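>>> next one to model:
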Amino acid sequence: MRRRSFVAMAASALAFPRRGAFAVTTKMTIYKDPDCGCCHEWSKAMAAAGFSVDVRDTDDLAAIKARLGVPADLEGCHTAVVEEYYLEGHVPLASVRQLLQERPPLRGLAVPGMPPGSLGMGEHRRASYDVYAIPSGGEAPYVFKEVRPGKG
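Below you'll find the model as predicted:
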């Protein structure tokens, strides 16, 4: 009986690693305006989640967004690159994790604008916004995740 309990505990520890454990060695480069406070908060949240964060202040975010192929209508206030994907704007941590676990054929994820209550934009219990997926094959972007009150 003890042996089975030990095996069960060991299996659950492997199946459910501590939060952020998968991201310990995952590097994320974040490009942001030097004066943007919400970008700083988003960067801190990514670092707290276990990403190795390299923040680069720049006065020419437009050139970075253009180089990565971020659709103009989906632009946010900062741009991050993690592995082969870009993250545009205030993409929630759960969506970043899902992207890196599932590895869909996407160029990246985007949260256009600066939605109140999104990661880095302060607490807002009624936060409501969409996370868009930008396919790598040139197809139209689509809603990857809906963030709604009570839905996450």
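>>> distance from the chain centre to stretch 125-134, please.
When distances are taken as Cα atoms, centre = their mean, to the nearest Å, stretch 125-134 is centred 12 Å away from the chain's centroid.
>>> and the residue nearest the centre of the chain, helix, strand or coil?
For the chain, the residue nearest the mean C-alpha position is residue 96 (3.5 Å; Cα atoms, centre = their mean). Using DSSP: H, G, I helix; E, B strand; the rest coil, the secondary structure recorded for residue 96 is helix.
>>> so it makes contact with residue 86?
No - Residue 96 lies out of contact with residue 86 (Cβ atoms under 8 Å); the separation is 11.2 Å. The way it works is simple: take the backbone N, C-alpha and C, and place the C-beta from them, glycine included.
>>> where does this structure have low pLDDT?
For the chain, the stretches with pLDDT under 70 are 1-24, 37, 115-122, 124, 150-152.
>>> can you map out the strands along the chain?
For the chain, applying DSSP state E gives strands covering 27-32, 52-57, 79-82, 85-89, 106-111, 129-135, 142-147.
>>> strand partners (parallel or antiparallel) of the fifth one?
This means strand 106-111. strand 85-89 (parallel), strand 129-135 (antiparallel) (DSSP bridges).
>>> check the second one too.
Strand 52-57 has the following strand partners under DSSP bridges: strand 27-32 (parallel).
>>> need the residues that contact the strand it pairs with.
Strand 27-32 has contacts (Cβ atoms under 8 Å, 6 or more residues apart in numbering) with 39-40, 42-43, 46, 51-58, 61, 64, 77-82, 87.
>>> pull out the buried positions in it.
28, 30, 31, 32 (16 or more other Cβ atoms under 10 Å).
>>> and if you look at stretch 44-62?
Buried residues in stretch 44-62, defined by neighbour count with 16+ other Cβ under 10 Å: 45, 46, 47, 49, 50, 51, 53, 55, 61.
>>> touching, the third one and residue 53? I think so.
This means residue 47. Yes - at 4.4 Å, residue 47 and residue 53 qualify as touching, with contact defined as Cβ under 8 Å.
>>> centre of the chain to stretch 132-145, how far?
15 Å.
>>> what lies in contact with it?
Stretch 132-145 has contacts (Cβ under 8 Å, 6+ apart) with 69-71, 74, 92, 94-95, 98, 104-112, 130-131.
>>> and that stretch, end to end?
7 Å (Cα to Cα, to the nearest Å).
>>> give me the buried positions along that stretch.
Using 16+ other Cβ under 10 Å as the test for burial, stretch 132-145 gives 132, 133, 134, 141, 144, 145.
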